[in-house]
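Engineer: structure for the following, please:
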Amino acid sequence: MTNIDLQRERQAALISSEDFAEWWAGGRDALQERRALDKLFNEDDDFTDPQHTSLMSHKELYEYTLAKACKFISKLRDWHAAKAYNKAETQQSAIASLYDFRMLLAGQLGTALFQQSFPLRLHFSMFLPTLLGQGTEEQQREWFERAWRMDGIIGTYAQTELGHGTFLRGLETRADYDMKSEEFILNTPSLSAYKWWPGGLGQTANVAIVMAQLYIKGKHYGLHPFLVRIRNAQTHLPEPGVDVGEIGPKLGLNGVNNGFLGLKDVRIPRKQMLMKNAEVRPNGRFVKGPEPLLTYGTMVFARVMIVRDVSFGLLQAATIATRYSAVRRQSPIAVDQPEPQILDHTTQQAKLFPQIAKGIFFRIAADVVWLMYQSVAKELGAGQRRNLPELHALSCCLKAYCSAEAEEAVEILRKSCGGHGYLRSSNFPQIYGAVTAACTYEGENTVLLLQTARFLVKQYVDGLKRKVLPSSVTYLRNATPPKWGKSVELKTLVRLLEYAATESIRSAFEYQKKQRKIFKSEPMVTNKAGIRLIQSATLHARAFLARNASEEAEKLRRQLKPALAEVLVQLTEIFILDLCLASLGNILLSFPLNSRQVEQLKTRFERLLEEFRVNAVTVVDGFDFSDRVLGSTLGCYDGHVYERLLAEACQSPLNEEPVNQTFQTHLKPLMQGKL
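Structural biologist: Model (predicted):
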């Protein structure tokens, strides 16, 4: 039986959670297919945990997770066989298949079964995409087919080192070409050169794509990918010259088995340098290939995935907090009234509803960039590179902004649940651990924002020269100030953000011009302007997200039932207003809003929170997260929060006996003065 307050919420809603779920899943067929797949696994006893994984030791968690992951991959591949990559597919359809498969691993199904993730994920999210993107057709035939089937190959992607992460030019691992044997000799020449962090590297992977600095006759030719066997295919023991292991427990994602890798005079055949984008001939001649998508490509692929991942985690947290807020009663609003649902407090709504909107529009933005990625890949295949810089800048920008916002949002949602949100059984710690990790892997956020800012300044200069600008920055050419009407309109809000972003980019450009008169070194100029550049990239992210959300709202009005479209438009306004209020200081620097207009923004935001309130529970229901996916005592569909909290507490190993042995060995002697 469902909690009475949750029942009332669902009965009072103006929309159907099923209608929302169909839209969110991409249609009725997609929703039914996903539910059928969930059922296939959730009703299989092999995938039911005998105890909560948080109670396992680090070693126990790895061993249990890997055993379960192997069963999972095997069963999932059988189900996915009709869609999986085969020899008849093009590279683009193979990438799309990988994208779909990776979404299953990281989406509701993978999360339901692996709250701490699992060590085979990087094989699909980084290793296979890199083989496709950086390997020649011959190398793909030799390696990709086997790797897809896991025929003697379980891979990982080894880029980050102890001493360097996002700064790729600083990586120290080197590959020296030996012309006599036609081999590369790989070394990590110092402790700081050790590869550090690759998922699955610790005990799982036996092959790694190692990013290393290429040297031929002592001359440096830049960073390139090399396919290195690190563990024996039969015994799984480390290969000669390979020092490999696991880095230990982390804040979260402890099922991933991250590792370290040191190499000493490890020789590999010449053909194991992935040579789609650059080649070393047998005689040592270096041949640079066509403009490489996957100079950035693997990272772009990963960053699009990250934006989807953090939106998924954010919506998990929002679902838990919203359902809990409908059940929890506390703090009378009027002194003569009973304690209300905390969802009725405007301050609580302000904590919850913008986060729901962020989760929705972050994912929609990720889908847009994914389509751009596919388009640019086709263009590069035809020798066109015009849109590559925009794709790279946008993927950097969104990964950095969305991961940072999601991290902050999950923490807001945790605290919105009071002390109960601090319990591990709430699942907030696990969600936060996964989301916050995204702020540093596949590019540290500050560095990524600076990369985006360089692109933005260049486009600003091109705009001054009347050059054609990429679509995501065409607003830089629009010098018309926003027009403020009697009411707060979406198009005005979007223009406010674009105008503020333009002014911030202009200001950063002018500041750099002044600094060049003081410093002759361009890196010094960039360093001095760093804070301003990051601010510009952040505002660009908000402007892009606002424009994207606004355009999506127009589509929804035309495509969906009026009631559902209206609720989604409310969320669009909440999302864009929240972006504007967060950017208010920058907006005021570029556009002279008066106090009345600022008050209009705040009043409209508060009114939207009130209007959306009636549909909040139904919307989070529409994300269609099963209780197993949420993994939370606070967020279950039936709303029996207190019963689940007590039941979970009783399962603690410390409650297995009424008196712990330490009473006799320590407490009692202490109290008797005999310790």
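
Engineer: what segments of the stretch 1-150 of the chain are helices?
Structural biologist: For the stretch 1-150 of the chain, applying DSSP state H, counting those that start in this stretch gives helices covering 4-12, 17-25, 28-42, 58-80, 91-106, 108-113, 121-122, 128-134, 137-139, 145-149.

Engineer: so for D367, which of those helices sits nearest?
Structural biologist: D367 lies closest to helix 91-106 among these, at 10.7 Å (Cβ to Cβ). In short, each C-beta sits where N, CA and C put it, glycine included.

Engineer: and that closest one, what's its mean pLDDT?
Structural biologist: Computed over helix 91-106, the mean pLDDT rounds to 68.

Engineer: got the buried residues for the longest helix along the chain?
Structural biologist: Counting by DSSP state H, the longest helix found in the chain is helix 346-381. The neighbour-count check on helix 346-381 (16 or more other Cβ atoms under 10 Å) flags 348-363, 365-366, 368-370, 372-373, 376-377, 379-380 as buried.

Engineer: what comes into contact with stretch 48-65?
Structural biologist: With contacts defined as Cβ atoms under 8 Å, 6 or more residues apart in numbering, stretch 48-65 is touched by 114-116, 118-119, 202-203, 246, 248-249, 254-255, 257, 424-425, 430, 651, 653.

Engineer: run the chain-centre distance for it.
Structural biologist: Stretch 48-65 sits 24 Å away from the centroid of its parent chain (Cα atoms, centre = their mean, to the nearest Å).

Engineer: now do the end-to-end distance for it.
Structural biologist: Taking Cα to Cα, to the nearest Å, stretch 48-65 runs 12 Å from one end to the other.

Engineer: so what are the domain limits for the protein?
Structural biologist: The chain is divided into the following domains under automatic domain parsing: 44-289, 297-619.

Engineer: please indicate which of the contacts of stretch 48-65 are buried?
Structural biologist: Of the contacts of stretch 48-65, these count as buried by 16+ other Cβ under 10 Å: 114-116, 118-119, 202-203, 246, 254-255, 257, 425, 430.

Engineer: tell me which helix or strand comes right after the helix or strand harbouring R547.
Structural biologist: According to DSSP states H and E, R547 maps onto helix 530-559. Once the chain leaves helix 530-559, the next helix or strand it forms, by DSSP H and E, is helix 562-582.

Engineer: tell me what that following helix is packed against?
Structural biologist: Counting by 3 or more Cβ pairs under 8 Å, 6 or more residues apart in numbering; DSSP states H and E, the packing neighbours recorded for helix 562-582 are helix 17-25, helix 346-381, helix 490-516, helix 530-559, helix 595-612.

Engineer: buried sites along the next helix-or-strand element following the third one?
Structural biologist: The element immediately downstream of helix 490-516 (helix or strand, assigned by DSSP H and E) is helix 522-528. Using 16+ other Cβ under 10 Å as the burial criterion, the residues of helix 522-528 that qualify are 525-526, 528.

Engineer: find the centremost residue of this structure, please.
Structural biologist: Nearest to the mean C-alpha position of the chain, by Cα atoms, centre = their mean, lies I306 at 2.2 Å.

Engineer: pLDDT weak spots in the stretch 1-150 of the chain?
Structural biologist: Applying pLDDT under 70 to the stretch 1-150 of the chain flags the ranges 82-97, 99.

Engineer: before we move on, the earlier item: for G163, which of the helices of the stretch 1-150 of the chain is the nearest?
Structural biologist: Per Cβ to Cβ, nearest to G163 of the helices of the stretch 1-150 of the chain: helix 121-122, 21.3 Å.

Engineer: so how far is the closest one off the chain centroid?
Structural biologist: 13 Å.

Engineer: quick one: contacts for the residue found closest to L589 once you drop the neighbours it is linked to in the chain?
Structural biologist: Excluding its sequence neighbours, the residue lying closest to L589 (Cβ to Cβ, 6 or more residues apart in numbering) is E503, at 6.4 Å. E503 is in contact with 586, 589-590, counting by Cβ under 8 Å, 6+ apart.

Engineer: try 10 Å
Structural biologist: E503 sits next to 536, 539, 586-587, 589-591 when contact means Cβ atoms under 10 Å, 6 or more residues apart in numbering.

Engineer: just the buried ones among the residues you listed, please.
Structural biologist: Using 16+ other Cβ under 10 Å as the burial test, the contacts of E503 include 536, 539, 586-587, 590-591 as buried.

Engineer: so for L568, which of the helices of the stretch 1-150 of the chain sits nearest?
Structural biologist: Distance to L568, taken as Cβ to Cβ, is lowest for helix 17-25 among those, at 7.9 Å.

Engineer: just to revisit the earlier point, and the helix holding R547, what does it pack onto?
Structural biologist: Helix 530-559 is packed against helix 346-381, helix 388-416, helix 445-464, helix 490-516, helix 562-582, helix 584-590, with contacts defined by 3 or more Cβ pairs under 10 Å, 6 or more residues apart in numbering; DSSP states H and E.

Engineer: from the middle of its chain, how far away would it be?
Structural biologist: 18 Å.

Engineer: same question for stretch 342-358.
Structural biologist: The chain centroid and the centroid of stretch 342-358 are separated by 23 Å under Cα atoms, centre = their mean.

Engineer: over to stretch 416-429?
Structural biologist: Centre-to-centre, stretch 416-429 and its host chain are 22 Å apart (Cα atoms, centre = their mean).

Engineer: now do the end-to-end distance for that stretch.
Structural biologist: Using Cα to Cα, the two ends of stretch 416-429 sit 14 Å apart.

Engineer: try stretch 334-351
Structural biologist: 21 Å.

Engineer: which other residues reach it?
Structural biologist: With Cβ under 10 Å, 6+ apart, stretch 334-351 has contacts from 5-6, 8-9, 318, 321-333, 352-353, 409, 412-413, 415-418, 574, 578, 605-606, 608-610, 612-613, 616-617.

Engineer: kindly recompute the last result at 8 Å.
Structural biologist: Residues outside stretch 334-351 that contact it (Cβ under 8 Å, 6+ apart): 5, 321-322, 325-333, 352, 412-413, 415-416, 606, 609-610, 612-613, 616.

Engineer: among the residues you listed, name the buried ones.
Structural biologist: Buried by 16+ other Cβ under 10 Å: 5, 321-322, 325-328, 352, 412-413, 416, 609, 612-613, 616, out of these.

Engineer: out of the helices and strands in the chain, which is least certain?
Structural biologist: helix 91-106 (a mean of 68; mean pLDDT, DSSP states H and E).

Engineer: reformat the helices and strands packed on helix 530-559 as a markdown table; add mean pLDDT.
Structural biologist: Converted to a markdown table, those look like this (pLDDT from 0 to 100):
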| stretch | mean pLDDT |
| --- | --- |
| helix 346-381 | 92 |
| helix 388-416 | 96 |
| helix 445-464 | 96 |
| helix 490-516 | 96 |
| helix 562-582 | 97 |
| helix 584-590 | 95 |
